[in-house]
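Peer 1: From the sequence below, what's the structure:
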Amino acid sequence: MAIIGVKENVRLKLELDGGMKGDRQIIKSKTFSKVKPESADEDLYGVAESLVGLQTLPLSKVKRLEEIHLKEE
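Peer 2: Numbering: from 1, shown residues only. You can find the predicted model right below:
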C-alpha cells in the first residue's frame, strides 16, 4: 500500500516583530491564502519581501504553510 500526498492548500505567512512586552517577544502575523501549490519557495520569498515593504513592523520570519491530503495510491 503506497501513500501519496496531494497539496490542497498553501498559504504564505509573514511573522512581524511587534517588539517586547516585559520579557516576552510579541509576534504579529499576516497570512495570505490561495497560493498556487506549485509555487517555488524562492518566488514566495520574493513576494514576501515585496509585502514587507507595505508593513509598518519589521519582518521576523517568512513561512510557507501547506495542507497535504494523504491517500492510497
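
Peer 1: Tell me the predicted confidence for the residue of the chain positioned farthest from its centre.
Peer 2: Of all residues in the chain, residue 1 has its C-alpha farthest from the mean position, at 32.0 Å, by Cα atoms, centre = their mean. The score at residue 1 is 78. That number is its pLDDT.

Peer 1: now do the one 3 residues further on
Peer 2: Residue 4 carries a pLDDT score of 93 in this model.

Peer 1: is it true that it touches residue 68?
Peer 2: No. Using Cβ atoms under 8 Å, residue 4 is not in contact with residue 68; the gap is 9.6 Å. To be clear about C-beta, it is placed using only N, CA and C from the backbone, and glycine gets the same treatment.

Peer 1: Run through the residues that contact the residue farthest from the centre of the chain.
Peer 2: 72, 73 (Cβ atoms under 8 Å, 6 or more residues apart in numbering).

Peer 1: Quick check: it vs residue 71, distance?
Peer 2: Remark: distance between residue 1 and residue 71 (Cβ to Cβ, to the nearest Å) = 11 Å.

Peer 1: Could you count how many residues lie near the residue lying closest to residue 4 once chain neighbours are set aside?
Peer 2: Spatial nearest neighbour of residue 4, chain neighbours left out: residue 73 (5.1 Å); criterion: Cβ to Cβ, 6 or more residues apart in numbering. The number of residues packed near residue 73 is 6, by other Cβ atoms under 10 Å.

Peer 1: quick one: contacts for residue 73?
Peer 2: By Cβ under 8 Å, 6+ apart, the contact list for residue 73 reads 1, 2, 3, 4.
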